[in-house]
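In: Give me the fold of what follows.
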Amino acid sequence: MATTAKVLPVSTAIRWAVGSWSFFILENTVLSENRTTLISLLGDETYHACYGICSTIAMGSVGYAYKLVRGADPLLWNASRGTPLAGKIGSFVCLSLGLGMISQMPPKLQIPVEYRGGDSGTAVASTQGDAINHNSREEETGWKVRCPFDFTDKKNPDSNSVTGLERISRHPGLWSFSLIGLGNALLIPSLPQRAWLFMPTMVALVGGAHTDSRYRRGMGGSLDESYENQTSNIPFVALLSGRQGDVSKVCNEMTGEIKPLNAALAVGVAAAWVLGRGRGVKIPHINTPDNTPETYFDFTDENYTRVYKILSKYPANYKQSGIIPLLDLAQRQHGGWLPVAAMDKVAQIVEVDPSRVYEVASFYTMFNRTKVGKYFIQLCGTTPCMICGSEDIKKTIEKHLGIKNGETTKDGMFTLLEVECLGACANAPMIQLNDDYYECLTPKTTVELLDACKAGNPPAMGKWGSLPMNGQVSCEGPLGKTSLLDGPPTPPKVDVERFKGGEVDPASVKAHMGY
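Out: Numbering: from 1, shown residues only. Modelled structure (predicted):
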């Protein structure tokens with residue numbers, strides 16, 4: 001895909017993605033860091049009211065920003081083709097770590113049945129506390145039901161060493177939130193949405209450092225020097241730097257501290273999420289011999305001149321505004337219909353994901369996504385035409401051509417489609433034949449029109465871009481013209497002298513416009 005650098009400096013989506021989270025970080029840091037000073041100045045009640053209002057506004061802006069940036073351009077790759085392999089691997093690692101950290105916070109999951117071999121001294125965890133009761137009597141052998149959650153605290157209360165998630169970070173909640181955001185960001189092609197999902201990492205980085213700063217001063221908690229030396233805000237820094245001891249020994253100890261079933265469940269969820277979200281958005285398309293994504297389509301040199309002229313009407317970073325006229329141009333070049341390859345070419349030219357072009361082509365009925373005949377007959381069947389005999393016209397066409405509504409003749413000459421109002425109610429019944437309107441039809445004139453098309457000589461359009469087939473002029477009735485008999489008044493002559501001074505008298509403008 002073409003470079004997106006031109007879009008970023010003025011991207012409203014990018015500004016919202018980064019700005020909303022930045023405001024959230026700023027207001028929390030400033031208000032919390034200066035809590036004591038602000039309470040002394042404002043009072044406790046006023047301070048908490050301000051904090052609540054600012055936090056609510058900040059989170060509201062974050063939520064609005066996500067709605068704004070979701071799927072927004074520019075896109076880093078074609079969303080229909082799935083996430084690149086490197087992105088999937090990175091996402092799986094981040095999600096596994098993030099979900100794995102969260103999984104260690106609830107009680108340990110365990111299989112709700114166990115086999116007891118009858119040995120004496122089986123250790124049974126007390127349901128009322130942390131004490132371990134050793135029963136000297138022999139237990140009955142066999143399968144026993146047990147609680148699916150193990151609430152036992154394995155940490156030695158007399159030890160000052162860190163264990164479990166503390167080995168990874170002092171703030172596992174913040175960083176698990178960050179890692180899940182990163183994992184999702186790596187699966188998504190939308191650059192603004194990626195930026196939004198990357199910002200929780202800044203929340204964790206700044207928020208963790210801010211919390212540590214407050215705890216060092218005894219505000220809301222405490223941070224023991226020994227504990228701080230053995231742990232880190234950023235995940236794995238303390239562990240890998242050897243501040244907790246030999247790295248291999250620490251890692252070995254961690255394997256005995258984690259809750260394996262919880263972790264396995266987290267990894268499974270991460271894998272399922274990556275497989276599901278990373279495969280891309282599949283656009284339903286039924287391949288036919290002449291319509292596959294691999295079918296060649298490109299504009300002719302003459303039409304490329306028209307393409308550049310169309311795009312010149314729009315700012316360089318709003319090329320997507322040209323989707324509709326470019327699709328129309330492609331349809332006219334390709335015999336009145338749009339293959340998926342033509343839609344992909346338009347997407348490439350305007351630098352958007354193909355799905356955005358498919359959305360337009362499938363919404364507007366002026367675009368035909370299946371092959372139509374040389375003469376595409378659109379028969380109006382709405383109330384005025386129906387009252388005036390459109391059903392008879394429809395039966396005439398079907399009988400004369402040997403096709404039904406929605407079908408194409410075997411020679412590929414005609415396609416018939418009944419449509420809603422075409423806006424020529426005064427001259428009902430009527431049909432649109434390709435771009436041209438043939439009106440005031442009868443079964444006889446309809447057959448004459450079809451035969452003329454078969455001969456390659458359709459009747460020429462009238463002066464006003466339509467042709468009533470009963471001989472009348474435009475929308476005149478059988479009595480001829482009965483109103484608007486005079487021609488339009490000549491526009492008043494503009495006095496250019498009154499513009500030379502740079503000011504125009506409002507009264508003269510009103511007179512000039514004929515108000």
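
In: Which stretches in the stretch 351-500 of the chain count as helices?
Out: Secondary structure of the stretch 351-500 of the chain (DSSP state H, counting those that start in this stretch): helices at 354-363, 383-387, 390-401, 443-454.

In: Could you say which helix or strand holds residue 177?
Out: Assigned by DSSP states H and E, residue 177 belongs to helix 172-185.

In: related to what we said a few turns ago, compare the helices of the stretch 351-500 of the chain and say which comes out lowest on pLDDT.
Out: Across these, helix 354-363 has the smallest mean pLDDT, namely a mean of 90.

In: Show me where the chain dips below the pLDDT cut-off.
Out: Applying pLDDT under 70 to the chain flags the ranges 1-11, 73, 78-81, 107-160, 280-285, 494-515.

In: hang on, the earlier thing: format the helices of the stretch 351-500 of the chain as CSV; extra columns: distance to residue 44 and mean neighbour count.
Out: (Glycine included, C-beta is placed from N, CA and C.) As requested, the helices of the stretch 351-500 of the chain are exported to CSV (distance: least, Cβ to Cβ, whole Å; neighbours: other Cβ atoms under 10 Å):
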stretch, distance to residue 44, mean neighbour count
helix 354-363, 52, 18
helix 383-387, 70, 16
helix 390-401, 77, 18
helix 443-454, 85, 16
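
In: could you dump those to a markdown table with distance to residue 42?
Out: Converted to a markdown table, the helices of the stretch 351-500 of the chain look like this (distance: least, Cβ to Cβ, whole Å):
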| stretch | distance to residue 42 |
| --- | --- |
| helix 354-363 | 49 |
| helix 383-387 | 68 |
| helix 390-401 | 75 |
| helix 443-454 | 82 |
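
In: Out of those helices, flag the one nearest residue 266.
Out: Of all the helices of the stretch 351-500 of the chain, it is helix 354-363 that lies closest to residue 266, at 31.5 Å by Cβ to Cβ.

In: Return the distance of the closest one from the chain's centre.
Out: Distance of helix 354-363 from the chain centroid (Cα atoms, centre = their mean, to the nearest Å) equals 13 Å.

In: Show me what that helix is packed against.
Out: If contacts are counted by 3 or more Cβ pairs under 8 Å, 6 or more residues apart in numbering; DSSP states H and E, helix 354-363 sits against helix 323-333, helix 340-350.

In: On the C-terminal side of the host helix or strand of residue 254, identify the next helix or strand.
Out: Using DSSP H and E, residue 254 sits within helix 247-257. Sequence order places helix 260-277 as the next helix or strand after helix 247-257, per DSSP H and E.

In: Identify, out of the helices and strands packed on helix 354-363, the most deeply packed stretch.
Out: Most buried of the helices and strands packed on helix 354-363 by mean neighbour count (mean count of other Cβ atoms under 10 Å) is helix 340-350; its value is a mean of 22.

In: Just want the angle from that helix to helix 323-333.
Out: For helix 340-350 against helix 323-333, the angle by axes from the mean of the first three to the mean of the last three Cα atoms, to 10 degrees is 140 degrees.

In: Residues contacting helix 340-350, please?
Out: Helix 340-350 has contacts (Cβ atoms under 8 Å, 6 or more residues apart in numbering) with 285, 291-299, 307, 311, 319-320, 322-323, 326-327, 330-331, 334, 353-354, 356-358, 361, 369.

In: Okay, angle between that helix and helix 354-363 too, please.
Out: Going by the same axes, to 10 degrees, helix 340-350 makes 120 degrees with helix 354-363.

In: Would you pull up how far helix 340-350 lies from the middle of the chain?
Out: Its chain's C-alpha centre and that of helix 340-350 lie 19 Å apart, by Cα atoms, centre = their mean.

In: quick revisit: flag every buried residue along the helix holding residue 177.
Out: For helix 172-185, the neighbour count (16 or more other Cβ atoms under 10 Å) marks 172, 174-185 as buried.

In: how about those in a markdown table, adding distance to residue 64?
Out: Below are the buried residues of helix 172-185 laid out as a markdown table (distance: Cβ to Cβ, whole Å):
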| residue | distance to residue 64 |
| --- | --- |
| 172 | 29 |
| 174 | 23 |
| 175 | 26 |
| 176 | 25 |
| 177 | 20 |
| 178 | 21 |
| 179 | 24 |
| 180 | 21 |
| 181 | 17 |
| 182 | 22 |
| 183 | 23 |
| 184 | 19 |
| 185 | 19 |
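
In: Of those, just say which sits nearest to residue 401.
Out: Among the buried residues of helix 172-185, and counting by Cβ to Cβ, the member closest to residue 401 is residue 184, at 54.5 Å.

In: In contact with the closest residue to that closest one other than its chain neighbours, which residues?
Out: Leaving out its chain neighbours, the residue that sits closest to residue 184 by Cβ to Cβ, 6 or more residues apart in numbering is residue 197, at 5.3 Å. Applying Cβ under 8 Å, 6+ apart to residue 197 gives the contacts 181-182, 184-185, 188.

In: and what of residue 493?
Out: Not one residue lies near residue 493 by Cβ under 8 Å, 6+ apart.

In: and if you look at residue 453?
Out: For residue 453, the contacting residues are 375, 413-414, 433, by Cβ under 8 Å, 6+ apart.

In: tell me the secondary structure for the spatially closest residue to residue 180 that is not a sequence neighbour?
Out: Excluding its sequence neighbours, the residue lying closest to residue 180 (Cβ to Cβ, 6+ apart) is residue 98, at 4.0 Å. Recorded secondary structure, residue 98: helix (DSSP: H, G, I helix; E, B strand; the rest coil).

In: Next, find the distance separating residue 98 from residue 460.
Out: Taking Cβ to Cβ, to the nearest Å as the measure, residue 98 falls 70 Å from residue 460.

In: Sweet, I'm off.
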